[in-house]
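**Q** okay, sequence plus prediction incoming.
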Amino acid sequence: MAGGAASGGSASTDTYKEARNWLLLPAWAYLGVFVLIPVIMMLVYSFLTKEFRGGVVWEFSTAAYDQFFFDRGLFGDEPAKIEWTYITIFWRSIWQAAAATLLALAIGFPTAYFIATRPERARPMWVFLITIPYWVNLLIRTVSMKFMLRDTGPLNDVLIGIGLINDPISIINTNFAVQLGLFYSYLPFMVLPIYASVERYNFSLSEAAADLYASKWVTLRRILLPAVKPGVIAGCILVFVPSMGSFLAPDLLGGAKNFMIGSLIEEQFKGNAGNWPFGAAASMVLLSMVLIILMIFARQQAKAEKEVS
């Protein structure tokens with residue numbers, strides 16, 4: 001009987017394993033067609049030659065990467081110098097995304113904590129309110145932000161009306177406008193993972209800390225933050241990664257002076273004057289940077305989970 005039960009359990013496990021493989025097939029097919037193949041195409045295109053009217057010539061070349069990192073003069077016959085233009089754009093993308101992530105964390109953490117500490121019946125309503133902006137297209141939301149922040153927009157009208165300022169504040173076409181646009185676009189990505197972590201947090205630990213005369217700051221720093229660190233890391237990843245490659249907010253809110261890597265890549269594939277290999281090379285540089293950042297975050301999250309356990 002025991003042997004039969006054991007064999008039956010094993011057979012059942014094998015059956016579920018086979019079914020699980022079949023159920024995962026559509027997901028693997030989707031990832032292969034819409035993720036892996038486009039990345040391979042970009043990698044191949046980055047090593048091809050630019051066609052004069054757009055597109056590529058199927059001849060191997062490393063000119064796209066050379067153009068990204070080195071400046072050889074107008075005709076390409078001068079000694080190689082570091083091309084600071086594109087490196088500066090790349091660096092601007094990193095710190096703009098980092099600033100938007102920190103802003104989202106500063107607002108998102110208290111918001112997530114507030115939602116998680118509401119009565120259980122009220123929490124779905126607050127989560128629902130957080131996700132409402134995603135019912136509207138990102139382009140429409142970014143354009144709305146531009147109208148709100150412009151010199152004659154509602155923000156300046158209110159500030160002038162209450163007497164805080166005398167002249168309109170020029171926010172559009174600044175770094176701060178880009179950071180606001182990125183923050184507004186991806187704030188729910190910060191709130192929801194942190195909310196999920198705080199909701200699972202055992203608040204009796206905070207009560208025990210208070211009984212031991214720990215201040216609220218010490219409780220937050222020593223008990224709450226380590227417990228919800230995986231959610232914070234996940235939120236930072238979900239905000240930072242898409243912010244780095246964003247092009248709508250920089251284009252509409254930042255102008256030409258606040259060009260980011262996503263805008264640079266977009267320009268290379270528009271019209272007949274684009275440079276497809278260069279755009280593909282910039283995409284691969286961006287992808288490599290994102291993968292490095294994800295690996296660092298993954299190691300930090302694994303370390304945090306090990307500390308908690």
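**A** Now that the structure is in, tell me what you want to look at.
**Q** how distant is stretch 169-176 from the center of its chain?
**A** Mean-position distance between stretch 169-176 and its chain equals 22 Å (CA atoms, centre = their mean, to the nearest Å).
**Q** flag every buried residue along it.
**A** Using 16 or more other CB atoms under 10 Å as the test for burial, stretch 169-176 gives 171-176. (Each C-beta comes from the backbone N, C-alpha and C, glycine too.)
**Q** same list (these) but as a markdown table, adding distance to F147, pLDDT and secondary structure.
**A** A markdown table is the format used below for the buried residues of stretch 169-176 (distance: CB to CB, whole Å; pLDDT from 0 to 100; DSSP: H, G, I helix; E, B strand; the rest coil):
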| residue | distance to F147 | pLDDT | secondary structure |
| --- | --- | --- | --- |
| I171 | 12 | 88 | coil |
| I172 | 10 | 90 | coil |
| N173 | 14 | 88 | coil |
| T174 | 16 | 89 | coil |
| N175 | 19 | 89 | helix |
| F176 | 17 | 91 | helix |
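**Q** farthest pair in these?
**A** Greatest spacing in the buried residues of stretch 169-176, by CB to CB: I172 and N175 (11.4 Å).
**Q** and F128, how far is that from I115?
**A** Per CB to CB, to the nearest Å, F128 is found 10 Å from I115.
**Q** the two: which is more packed in?
**A** Neighbours per residue (other CB atoms under 10 Å) separate F128 from I115, with I115 holding more: 22 against 9.
**Q** where does that one fall, secondary structure wise?
**A** I115 belongs to helix 84-116 when assigned by DSSP states H and E.
**Q** what's that helix packed up against?
**A** helix 63-69, helix 123-131, helix 175-199, helix 225-244, helix 261-268, helix 276-308 (3 or more CB pairs under 8 Å, 6 or more residues apart in numbering; DSSP states H and E).
**Q** do that again at 7 Å, thanks
**A** In terms of contacts (3 or more CB pairs under 7 Å, 6 or more residues apart in numbering; DSSP states H and E), helix 84-116 is packed against helix 123-131, helix 175-199, helix 225-244, helix 261-268.
**Q** OK, contacts around the residue lying closest to N175 once chain neighbours are set aside?
**A** Excluding its sequence neighbours, the residue lying closest to N175 (CB to CB, 6 or more residues apart in numbering) is N258, at 5.7 Å. Contact analysis of N258 by CB atoms under 7 Å, 6 or more residues apart in numbering lists 173, 175, 178, 250.
**Q** if we go to 6 Å?
**A** Contacts for N258 (CB atoms under 6 Å, 6 or more residues apart in numbering) come out as 175, 178, 250.
**Q** that one and L294, how far apart?
**A** 25 Å.
**Q** how about W58?
**A** Going from W58 to L294 by CB to CB gives 32 Å.
**Q** who has more neighbours, those two?
**A** Using other CB under 10 Å as the criterion, W58 and L294 rank with L294 on top: 13 against 8.
**Q** neighbours around the closest residue in space to the more buried one that isn't next to it in sequence, how many?
**A** In this structure, L294 finds its nearest non-sequential neighbour in I237, 6.6 Å apart by CB to CB, 6+ apart. I237: 21 surrounding residues under other CB under 10 Å.
**Q** do I have it right that I237 meets I296?
**A** No - look at I237 against I296 with CB atoms under 6 Å: they stay out of range, at 10.0 Å.
**Q** in CSV, list the helices and strands packed on helix 84-116 along with distance to S46.
**A** Shown next, in CSV, are the helices and strands packed on helix 84-116 (distance: least, CB to CB, whole Å):
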stretch, distance to S46
helix 123-131, 37
helix 175-199, 26
helix 225-244, 18
helix 261-268, 11
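**Q** among these, which is the most enclosed?
**A** helix 175-199 (a mean of 23; mean count of other CB atoms under 10 Å).
**Q** between that helix and helix 123-131, how big is the angle?
**A** Using axes from the mean of the first three to the mean of the last three CA atoms, to 10 degrees, one finds that helix 175-199 and helix 123-131 are set 160 degrees apart in direction.
**Q** now for helix 175-199, which elements pack on it?
**A** helix 84-116, helix 123-131, helix 138-149, helix 225-244, helix 248-249 (3 or more CB pairs under 6 Å, 6 or more residues apart in numbering; DSSP states H and E).
**Q** and T219, how close does it get to E207?
**A** Remark: distance between T219 and E207 (CB to CB) = 9 Å.
**Q** quick one, which of those two is more surrounded?
**A** More crowded of T219 and E207, by other CB under 10 Å: T219, with 18 against 11.
**Q** for N202, see how far away the closest residue to that one other than its chain neighbours is.
**A** With sequence-adjacent residues excluded and distances taken as CB to CB, 6+ apart, T219 is closest to A209, at 4.5 Å. Between A209 and N202 the computed distance is 12 Å (CB to CB).
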